[in-house]
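Engineer: sequence first, then the predicted structure, then my questions.
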Amino acid sequence: MLPFLLTIFVLSCSQHHEMSEGEKMEYSELLRMDVHDGYSVIDIINPWDTTRLLQRLVLAKDLSRHDLPADGVKVRVPLSRALVASTVHCSLLAEWGCLDAVKAVCDREYISVPEVLEAIDNGSITDCGPSMSPVVEKVASVHPDALFLSPYEKMDMGKLESLEVPVILCADYMESSPLGRAEWVKLYGMLFGVEEKAEKAFKATVAEYSRLKALAHAAKTTPSVLSDRAYGQTWYQPSSESTVGRMYADAGATTPFIGRSGYYGSIPLPTEEVFLKARDCDVWLVKDERPVTKAILASENKLYCHIEAYRKGNIWTCLTKETRFYEETPFHPDLLLADMIRIFHPDLNLPGENRYFKCEKKTEKAN
């Protein structure tokens with residue numbers, strides 16, 4: 001996984017607060033919101049131990065109020081000097097017109113938001129170095145009012161703790177459903193003072209995703225899908241409890257590994273096992289920075305040639321450097337679902353062209 005998400009030591013941050021009586025979200029399994037007059041309490045559930053909280057946030061315009069809860073990380077909102085480590089969240093804020101509130105990022109080489117890159121070049125946004133080991137002095141020089149970090153199990157935040165800056169643990173990537181992750185826009189909208197814009201965007205996403213899902217479930221076939229390709233002796237496949245696995249199901253497809261549970265992301269499998277179980281897959285979806293052709297796949301591993309999708313030329317590639325796949329799909333899963341339905345069920349004749357995945361066979365015909 002690309003290290004564009006600043007990581008922290010989750011176990012040390014996991015908190016022992018009692019679960020709040022806050023509102024359960026419609027789709028998110030990791031958020032709870034308790035909105036009061038003048039402040040809000042946000043509970044983020046630990047995705048590695050759902051009986052505990054990962055973090056409690058207390059959001060308020062006036063942190064001197066005497067009625068604020070004693071526990072939790074106090075955050076003055078709306079934010080105006082945030083460090084946002086990932087291109088995913090930078091892209092969301094650019095969409096909302098909130099980049100003026102972003103003063104620092106990490107991993108410039110993984111940022112693909114043009115406005116952010118321009119701001120780094122002109123000095124209005126500071127690049128604080130690699131997310132795995134940011135330059136603390138640069139972070140401190142920005143005087144951030146919050147750090148947006150993505151938690152990973154057993155990873156160390158190190159010297160950043162000494163800055164005494166509120167940390168927002170962006171665990172949205174650990175949600176087990178596409179709309180569950182997308183619903184985190186409600187929290188991010190609260191943090192940047194654009195609650196209504198976030199709520200409106202989420203409702204539109206839910207409506208379109210639900211429409212597409214209903215359309216896919218009317219299809220007469222259920223194709224089997226293979227994901228990406230092997231890396232050495234390991235081949236990662238989405239679990240049935242991951243956002244991608246759920247999206248395959250919502251798009252009216254399946255995978256040979258759908259029965260694997262207990263994983264919220266990709267399952268690391270022996271390459272040989274994937275070959276044995278995926279030889280009859282109808283569709284092959286591959287993400288890469290560079291074009292992936294049948295010739296390239298064959299040169300990497302001759303066994304690829306025995307996969308049904310390879311033989312039929314039903315290989316669809318997403319060029320992550322040329323598309324906004326990583327930036328858009330986390331909070332707009334309906335856009336990716338539309339691609340999948342066109343690929344899995346061409347007989348449904350879903351209008352429009354694919355946004356992310358293109359088929360080599362169809363590209364050759366067009367040329």
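Structural biologist: Yes, it's here.

Engineer: which strands and helices sit next to the helix or strand that contains Leu336?
Structural biologist: Take DSSP states H and E as the rule and Leu336 turns out to sit in helix 333-344. For helix 333-344, the helices and strands in contact under the criterion 3 or more C-beta pairs under 8 Å, 6 or more residues apart in numbering; DSSP states H and E are helix 178-182, helix 195-216, helix 243-250, strand 283-288, strand 357-359. All C-beta spots, glycine's among them, are computed from the backbone N, C-alpha and C.

Engineer: what residues does it touch?
Structural biologist: With contacts defined as C-beta atoms under 8 Å, 6 or more residues apart in numbering, helix 333-344 is touched by 178-179, 181-182, 205, 208-209, 212-213, 215-216, 219, 221, 223, 225, 243, 247-248, 250-253, 283, 285, 316, 325, 328-329, 348, 350, 352, 354-357, 359.

Engineer: where along the protein do the helices fall?
Structural biologist: 10-13, 87-96, 114-122, 136-142, 178-182, 185-191, 195-216, 243-250, 271-278, 294-300, 308-312, 325-328, 333-344, 360-366 (DSSP state H).

Engineer: returning to what we had before: export the helices and strands packed on helix 333-344 to CSV and tack on distance to Ile343 and mean neighbour count?
Structural biologist: Converted to CSV, the helices and strands packed on helix 333-344 look like this (distance: least, C-beta to C-beta, whole Å; neighbours: other C-beta atoms under 10 Å):
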stretch, distance to Ile343, mean neighbour count
helix 178-182, 16, 24
helix 195-216, 11, 16
helix 243-250, 11, 23
strand 283-288, 6, 21
strand 357-359, 6, 20
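
Engineer: which stretch among these approaches Gln233 most closely?
Structural biologist: Between Gln233 and the helices and strands packed on helix 333-344, the tightest spacing by C-beta to C-beta is seen for strand 283-288, at 18.7 Å.

Engineer: quick one: that closest one to chain centroid distance?
Structural biologist: Averaging C-alpha positions (C-alpha atoms, centre = their mean, to the nearest Å) puts strand 283-288 18 Å from its chain's average.

Engineer: same thing with stretch 164-175?
Structural biologist: 13 Å.

Engineer: quick one: mean pLDDT for it?
Structural biologist: Mean pLDDT, stretch 164-175: 93.

Engineer: same question, stretch 208-226
Structural biologist: When pLDDT is averaged over stretch 208-226, the result is 97.

Engineer: the helices of the chain: which one's closest to Ser40?
Structural biologist: Comparing the helices of the chain by C-beta to C-beta, helix 185-191 comes nearest, at 6.3 Å.

Engineer: show me what Glu23 bridges to in the sheet.
Structural biologist: Partner residues in beta bridges with Glu23, using DSSP bridges, are Met33.

Engineer: distance check, it against Ile42.
Structural biologist: 10 Å (C-beta to C-beta, to the nearest Å).

Engineer: Val136 and Leu147 touch, don't they?
Structural biologist: No: with contact defined as C-beta atoms under 8 Å, Val136 and Leu147 do not form a contacting pair (11.2 Å).

Engineer: list the buried residues in stretch 78-91.
Structural biologist: By 16 or more other C-beta atoms under 10 Å, the buried positions in stretch 78-91 come out as 78-80, 82-91.

Engineer: of those residues, closest to Lys277?
Structural biologist: Distance ranking of the buried residues of stretch 78-91 against Lys277, using C-beta to C-beta, places Val88 first at 31.0 Å.

Engineer: okay, the closest one: pLDDT?
Structural biologist: 96.

Engineer: please name the nearest non-neighbouring residue to it.
Structural biologist: Using C-beta to C-beta, 6 or more residues apart in numbering and skipping residues adjacent in sequence, the residue nearest Val88 is Pro330, 5.3 Å away.
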